[in-house]
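Peer 1: requesting a structural model of the entry that follows:
(one chain, ligands or ions: 1)
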Amino acid sequence: MIDLSGKVVLVTGGARGIGAAAVRAMAGAGAEVIIHFARNLEAAEALAAELPEGRTHLVAGDLADPAATEEIWNDALAWKGRIDVLVNNAGIYETADPDGDFDAFLASWDRTLRVNLTAIAQLCRLAVPHFRDRGAGTIINVASRSSFRGDDYDCMNYAASKGGLIALTRSIARKCAPWGVLAYAVAPGFVATEMVDRIIAQDGLDEMAADIPLGEIAPASDVGNTIAFLASGLARHATGTTIDINGASYVR
Ligand code: NAD
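Peer 2: The predicted structure is shown next:
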């Protein structure tokens, strides 16, 4: 049912985890996919090698750097001369202990807001006029259960960045729909990726799963498949919405 043939998609942080799952799902549905990665060229090349020849293109860049963020968009656009779908997946999950060192606390807040929110606003700022000129385009932002539920005492920076991302998504959906621009968010709970290795090591998989009615932390493919569905245009009128993917651990 999901057919993405003819669509050019940019996935940030696409070389691993949820990003790689989204790349696999969308390339599998026929999309031409730009895999953005930060530093790990080897992982990006290995993922591209799994997928049909000519269907992927690699773009490197650090989203912590505003100049590099603009270059990422320009490099991605140069491949086919257009982008139809922007998936803002890259993100960081760092602690910022309010009771800890002040400089470290502030640096972590700044880094987290920069990568998880401002860089995405910057990419959307470039994507929206491109989509407006073409009369169509879709943005899919990877938010989090934390956007709505909040997060731990030392991860309020992450929750705030992801809450801001929902407000950004909704604003784009409301104001840019008349130009044919659609905007969605997905909000995963725990997903089995490197990002949560720290929590798995601390709490153990069993304890994490105990809090999830479905009994296990989500596979990245559940998120990747949802992103592919939203990218397809099969649910245009759902623009502005967020899809929760958390095994009913937080039902809004
Ligand atoms: P991950 O750590 O495996 O992937 C994060 C990706 O972001 C990596 O590809 C990384 O290279 C990229 N990235 C990070 N900082 C970057 C930078 N400065 N410049 C460029 N790229 C950068 O984790 P994941 O779980 O696959 O995370 C993907 C998204 O899903 C993130 O936005 C994360 O916040 C969100 N998320 C994850 C979970 C989870 O439990 N894993 C839950 C909710 C939301």
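
Peer 1: alpha carbons only for contacts and neighbour counts from here, please
Peer 2: Fine.

Peer 1: how far does the longest helix along the chain sit from its chain's centre?
Peer 2: Counting by DSSP state H, the longest helix found in the chain is helix 156-176. Remark: helix 156-176 is offset 12 Å from the chain centroid, using C-alpha atoms, centre = their mean, to the nearest Å.

Peer 1: same question for stretch 185-203.
Peer 2: In terms of C-alpha atoms, centre = their mean, the centre of stretch 185-203 is found 14 Å from the chain centre.

Peer 1: repeat that for stretch 81-91.
Peer 2: Worked out by C-alpha atoms, centre = their mean, stretch 81-91 lies 9 Å from the chain centre.

Peer 1: do the same with stretch 110-122
Peer 2: So, by C-alpha atoms, centre = their mean, the centroid of stretch 110-122 is 12 Å from its chain's centroid.

Peer 1: that stretch - what's its average pLDDT?
Peer 2: Mean pLDDT, computed over stretch 110-122, is 98.

Peer 1: returning to that earlier point: just checking the longest helix of the chain against the ligand, any contact.
Peer 2: No - using C-alpha under 6 Å from any ligand atom, we find that helix 156-176 stays clear of the ligand, coming within 7.6 Å at best.

Peer 1: from the contact counts, what lies against that helix?
Peer 2: helix 102-113, helix 146-149, strand 181-188 (3 or more C-alpha pairs under 8 Å, 6 or more residues apart in numbering; DSSP states H and E).

Peer 1: show me what from the stretch 151-252 of the chain comes close to the ligand.
Peer 2: 188, 189, 190, 191, 192, 193, 194, 195, 196.

Peer 1: which entries within those meet the buried criterion?
Peer 2: Listed as buried from those are 188, 189, 190, 191, 192, 195; burial here means 16 or more other C-alpha atoms under 10 Å.

Peer 1: pull the contacting residues for the residue nearest to the third one when sequence neighbours are not counted.
Peer 2: Spelled out, it's residue 190. Distance criterion C-alpha to C-alpha, 6 or more residues apart in numbering; nearest residue to residue 190, sequence neighbours excluded, is residue 217 at 5.5 Å. Neighbour list for residue 217: 189, 190, 191, 192, 205, 208, 209, 246, 247 [criterion: C-alpha atoms under 8 Å, 6 or more residues apart in numbering].

Peer 1: before we move on, back to that, for the helices and strands packed on helix 156-176, which one sits closest to residue 162?
Peer 2: Nearest of the helices and strands packed on helix 156-176 to residue 162, taken as C-alpha to C-alpha: helix 146-149 at 4.8 Å.

Peer 1: what residues does the closest one touch?
Peer 2: Under the criterion C-alpha under 8 Å, 6+ apart, residues 158, 159, 160, 161, 162, 163, 164, 165, 166, 187, 189, 250 lie in contact with helix 146-149.

Peer 1: the third one: what's it in contact with?
Peer 2: In other words, residue 160. Here residue 160 is in contact with 147, 150 (C-alpha under 8 Å, 6+ apart).

Peer 1: pLDDT score for it?
Peer 2: For residue 160, the pLDDT comes out at 98.

Peer 1: picking that back up, now, which of the contacts of helix 146-149 sits nearest the ligand?
Peer 2: Set against the ligand, the nearest of these by C-alpha to the nearest ligand atom is residue 189 (4.8 Å).

Peer 1: and the closest one, what's its pLDDT?
Peer 2: Per-residue confidence (pLDDT) for residue 189: 97.

Peer 1: who touches it in this structure?
Peer 2: By C-alpha under 8 Å, 6+ apart, the residues touching residue 189 are 144, 145, 146, 217, 218, 244, 245, 246, 247, 249.

Peer 1: okay, these in JSON lines with distance to residue 59, pLDDT and secondary structure next?
Peer 2: Output for the contacts of residue 189, formatted as JSON lines (distance: C-alpha to C-alpha, whole Å; pLDDT from 0 to 100; DSSP: H, G, I helix; E, B strand; the rest coil):
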{"residue": "144", "distance to residue 59": "25", "pLDDT": "98", "secondary structure": "coil"}
{"residue": "145", "distance to residue 59": "29", "pLDDT": "98", "secondary structure": "coil"}
{"residue": "146", "distance to residue 59": "29", "pLDDT": "98", "secondary structure": "helix"}
{"residue": "217", "distance to residue 59": "30", "pLDDT": "94", "secondary structure": "coil"}
{"residue": "218", "distance to residue 59": "28", "pLDDT": "96", "secondary structure": "strand"}
{"residue": "244", "distance to residue 59": "29", "pLDDT": "98", "secondary structure": "strand"}
{"residue": "245", "distance to residue 59": "28", "pLDDT": "98", "secondary structure": "strand"}
{"residue": "246", "distance to residue 59": "30", "pLDDT": "98", "secondary structure": "coil"}
{"residue": "247", "distance to residue 59": "33", "pLDDT": "98", "secondary structure": "coil"}
{"residue": "249", "distance to residue 59": "35", "pLDDT": "97", "secondary structure": "coil"}
